[in-house]
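*Asks:* okay, predicted coordinates and the sequence, questions at the end:
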Protein chains: 2
Amino acid sequence: MSIIYNRVALIGLGLIASSMFWAMKRRGLAGEVTGFARSEATRATARRIGLCDRVCDSLTEAVADADLVVLAVPVGVMGAVAAEIAPALKPGTTVTDVGSVKRDVIESVGPHLPEDVHFVPGHPLAGTEHSGPESGFAELFDNRWCLLVPPEGTDPAAVARLRRFWQGLGSNVEEMEAEHHDLVLAVTSHAPHLIAYTMVGVADDLRRVTDSEVIKYSAAGFRDFTRIAASDPTMWRDVFLTNKDATLEILGRFTEELFALQRAIRTGDGDHLHDYFTRTRAIRRGIIEAGQDTDAPDFGRAKTSS
Amino acid sequence: MSIIYNRVALIGLGLIASSMFWAMKRRGLAGEVTGFARSEATRATARRIGLCDRVCDSLTEAVADADLVVLAVPVGVMGAVAAEIAPALKPGTTVTDVGSVKRDVIESVGPHLPEDVHFVPGHPLAGTEHSGPESGFAELFDNRWCLLVPPEGTDPAAVARLRRFWQGLGSNVEEMEAEHHDLVLAVTSHAPHLIAYTMVGVADDLRRVTDSEVIKYSAAGFRDFTRIAASDPTMWRDVFLTNKDATLEILGRFTEELFALQRAIRTGDGDHLHDYFTRTRAIRRGIIEAGQDTDAPDFGRAKTSS
């Protein structure tokens, strides 16, 4: 593949940005990649492991002359970063982000950017429970979805170019409206994360069962929850605070449904439980058919490779 | 390894029993293995794939002369099966089970068994989301825990022999008291399963987000829930109905905690969220150190092998 952006600036050097760097290098999608992280330790690590062609010590240095600027910082600080880089952006550059919430990012970033800059918010649906500059790998986006959420009136050519870029990183790309994005993600990601965090916290609190028992006997079920609940605390705090309405709506429905199942358990209504569990099984089948996971029987088992 | 039981009878030929068969064969732990399943189709499948040395058409034929009888049927029918096999058991035989709930199994199976039979309930903490006679594989129990829950007064030699047998199947074995087992499992397995089922049901109900969107964009988080929620409906219905008290207790604590986090989101209390998420991260670390999972960064990604 050939170069899509001559110069790319990665702002924030965590899991997503570092994976983007390795994926860009794999296919030669960028001429030069600059990088910036607020923490000096992160910048030192990036230099040590060869993350980015050039690690910069200031935001403005990193974005100077960039054709694509990627905001890969927690959603809660996107606005502040946008305000700081705005004066240094070259006319015609594209600014995108990788935040898990889109309405809030559009509202906090958009107003800071100059008229002659293309703002195309994005969200790659990919991640691991690891974070930091050393957690990235080139294959992270392969066959995953990346959602682009361009505000009305965005230059179609800028959107098309960013789409080609994400395809080059390995993703399938689709466009979506911001409100809808935030609701879809509340269902498929934000509410499940909060629920997993909650369950892991409950297990930790229970006096009659020791932590070491929980850990030792965390078979199928709980272990997957702990994996989810190990994700970056700052990122997730910001997700919940900025996608508040959709998350609370889904959690409201969740507790309603959970109470109905609890009542079925209490009253011994086995048919209700069996019907419910049979229905949810079909959804899993759909996911496997959609190619988002494999059917390998590894659930509940220690993985030796992946 | 040498033969531990000359003749083993597997009652119910699902994921656990079929995995036990292949694991027994791998190490030569049994002289002859007989099998029985209520469904004729299951028995036909078992014969076709060579599951069990001899598939029997009746329960009594299967258990005749067995040194070890393994009840691998849903918890809700354990008692009925025990009543049916009791007259056919040979004196000195050991009866065990693989149910996920222990107090209820002890109460429903125990009274049916003759005095001269050793009853040593057990629970291998292993599984996948697949079920049926073709889902088993020899490695299922490798490095997983198997909990034995012998009632007071059980012959220590019978327990020791069953322990060696499970070790031969690949498991680490520990003994536990029945009430405590049921509470530990409510935390690590039963409540998480119900929660996953619930969340998958909510996603399916939501009109404004289509099933195909949920499936397509089920990144990290939701996809793990669907995997859990794909488990066998009959088995799980019985688990919740028979471990009612412990499950409801844990769910009560869970909703209490969830409401506190929901309030933190509503009021914008970022510190509460951040502290909570930081704490849960440590538990994950403990699980990895305890060897129950690996640190491989494969979460949220399609697995290509395992």
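*Replies:* Everything's here; your move. Numbering: from 1, shown residues only, chains lettered A, B, ... in the order given.

*Asks:* for A:I106, see how far away A:A64 is.
*Replies:* With distances taken as CB to CB, to the nearest Å, A:A64 is found 25 Å from A:I106. In short, each C-beta sits where N, CA and C put it, glycine included.

*Asks:* ok, those two, which is more surrounded?
*Replies:* Counted by other CB atoms under 10 Å in any protein chain shown, A:A64 and A:I106 do not tie: A:I106 has more neighbours, with 19 against 16.

*Asks:* residues in contact with the more buried one?
*Replies:* A:I106 sits next to A:119, A:121, A:149, A:151, A:178 when contact means CB atoms under 8 Å, 6 or more residues apart in numbering or on different chains.

*Asks:* and A:T267, how many neighbours?
*Replies:* 10.

*Asks:* quick check, pLDDT for A:S305.
*Replies:* In this model, A:S305 is scored at 31, pLDDT.

*Asks:* A:R263: which element?
*Replies:* Per DSSP states H and E, A:R263 falls inside helix A:244-267.

*Asks:* helix or strand right after that helix?
*Replies:* Past helix A:244-267, the next helix or strand by DSSP H and E is helix A:270-289.

*Asks:* averaged pLDDT, that next one. What do you get?
*Replies:* 84.

*Asks:* mind listing what's buried along that helix?
*Replies:* For helix A:270-289, a neighbour-count test (16 or more other CB atoms under 10 Å in any protein chain shown) marks A:270, A:272-274, A:276-277, A:279-281, A:283-284, A:286-288 as buried.

*Asks:* which ones, among those, also lie beside chain B?
*Replies:* Residues of the buried residues of helix A:270-289 in contact with chain B (CB under 8 Å from any CB of the partner chain): A:270, A:273-274, A:276-277, A:279-281, A:283-284, A:286-287.

*Asks:* could you tell me which of the contacts of A:I106 count as buried?
*Replies:* The neighbour count (16+ other CB under 10 Å) marks A:119, A:121, A:149, A:178 as buried among those.

*Asks:* what about the third one, distance to A:S189?
*Replies:* By that I understand A:V149. Between A:V149 and A:S189 the distance is 15 Å, computed by CB to CB.

*Asks:* equivalent analysis for A:G50, please.
*Replies:* 31 Å.

*Asks:* same drill for these two, tell me which one is more crowded.
*Replies:* Using other CB under 10 Å, the more surrounded residue of A:G50 and A:S189 is A:S189, with 26 against 11.

*Asks:* how would you label that one: helix, strand or coil?
*Replies:* helix (DSSP: H, G, I helix; E, B strand; the rest coil).

*Asks:* isn't it right next to A:A126, touching?
*Replies:* No. Taking CB atoms under 8 Å as the contact criterion, A:S189 and A:A126 are not neighbours in contact, 11.2 Å apart.

*Asks:* quick one on the thing from earlier: and which of the buried ones among the contacts of A:I106 is nearest to chain B?
*Replies:* Closest approach to chain B among the buried ones among the contacts of A:I106 (CB to the nearest CB): A:V149, at 12.8 Å.

*Asks:* pretty sure that closest one contacts A:H181?
*Replies:* Yes. Contact between A:V149 and A:H181 holds when scored by CB under 8 Å: they sit 5.5 Å apart.

*Asks:* residues shared between the contacts of those two?
*Replies:* With CB under 8 Å, 6+ apart as the test, A:V149 and A:H181 both reach A:102, A:123.

*Asks:* just checking, A:V200 touches A:T226?
*Replies:* Yes. Counting by CB under 8 Å, A:V200 does reach A:T226; the two are 5.4 Å apart.

*Asks:* what is in contact with these two at once?
*Replies:* Common neighbours of A:V200 and A:T226 (CB under 8 Å, 6+ apart) are B:280, B:283-284.

*Asks:* count the neighbours of the closest residue to A:K244 other than its chain neighbours for me.
*Replies:* Nearest non-adjacent residue to A:K244, counting by CB to CB, 6 or more residues apart in numbering or on different chains: B:I265, 5.7 Å away. By the criterion of other CB under 10 Å, B:I265 has 23 neighbours.

*Asks:* what's the answer for A:E32, then?
*Replies:* The number of residues packed near A:E32 is 16, by other CB under 10 Å.

*Asks:* the strand or helix carrying it: partners in the sheet, and parallel or antiparallel?
*Replies:* Assigned by DSSP H and E, A:E32 falls within strand A:30-36. The strands that strand A:30-36 pairs with in its sheet are strand A:5-11 (parallel), strand A:54-55 (parallel) (by DSSP bridges).

*Asks:* out of these, which is the most enclosed?
*Replies:* Counting by mean count of other CB atoms under 10 Å in any protein chain shown, strand A:5-11 has the highest mean neighbour count of those, with a mean of 24.

*Asks:* quick one: mean pLDDT over it.
*Replies:* pLDDT averaged over strand A:5-11 gives 98.

*Asks:* please apply the same query to stretch A:81-96.
*Replies:* Average pLDDT, stretch A:81-96: 98.

*Asks:* same check, this time on stretch A:14-24
*Replies:* On average, stretch A:14-24 scores 98.

*Asks:* now that stretch: buried residues?
*Replies:* A:14-24.

*Asks:* quick one, domains of chain A?
*Replies:* What automatic domain parsing lists as the domains of chain A is A:5-176, A:180-289.

*Asks:* now these in JSON lines, with distance to B:D57?
*Replies:* As requested, those are arranged in JSON lines below (distance: least, CB to CB, whole Å):
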{"stretch": "domain A:5-176", "distance to B:D57": "47"}
{"stretch": "domain A:180-289", "distance to B:D57": "27"}
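
*Asks:* rewinding a little: out of the contacts of A:I106, list just those in strands.
*Replies:* Within those, residues falling in strands by DSSP state E are A:F119.

*Asks:* from the contacts of A:I106, which has minimum pLDDT?
*Replies:* The lowest pLDDT within those belongs to A:P151, with 94.

*Asks:* wait, that residue touches A:V109, no?
*Replies:* No. Applying CB under 8 Å as the test, A:P151 and A:V109 come out as separate, 10.3 Å apart.

*Asks:* quick one: common contacting residues for these two?
*Replies:* Joint contacts of A:P151 and A:V109 (CB under 8 Å, 6+ apart) are A:119, A:121.

*Asks:* could you check how far A:I11 is from chain B?
*Replies:* When distance is defined by CB to the nearest CB, to the nearest Å, A:I11 is 22 Å away from chain B.

*Asks:* surely that residue meets A:T60?
*Replies:* No. Between A:I11 and A:T60 there is no contact under CB under 8 Å: 11.0 Å.

*Asks:* how far does the helix holding A:R263 sit from its chain's centre?
*Replies:* 25 Å (CA atoms, centre = their mean, to the nearest Å).

*Asks:* by contact count, what packs against that helix?
*Replies:* With contacts taken as 3 or more CB pairs under 8 Å, 6 or more residues apart in numbering or on different chains; DSSP states H and E, helix A:244-267 sits against helix A:178-185, helix A:191-205, helix A:270-289, helix B:191-205, helix B:244-267.

*Asks:* switch the cut-off to 6 Å
*Replies:* Counting contacts by 3 or more CB pairs under 6 Å, 6 or more residues apart in numbering or on different chains; DSSP states H and E, helix A:244-267 packs against helix B:191-205, helix B:244-267.

*Asks:* mean confidence (pLDDT) on that helix, please.
*Replies:* 96.

*Asks:* which of the residues in it are buried?
*Replies:* A:244, A:246-251, A:253-255, A:257-258, A:261-262, A:264-265.

*Asks:* name the SS class of A:V77, please.
*Replies:* Criterion first, three-state DSSP; result for A:V77: helix.
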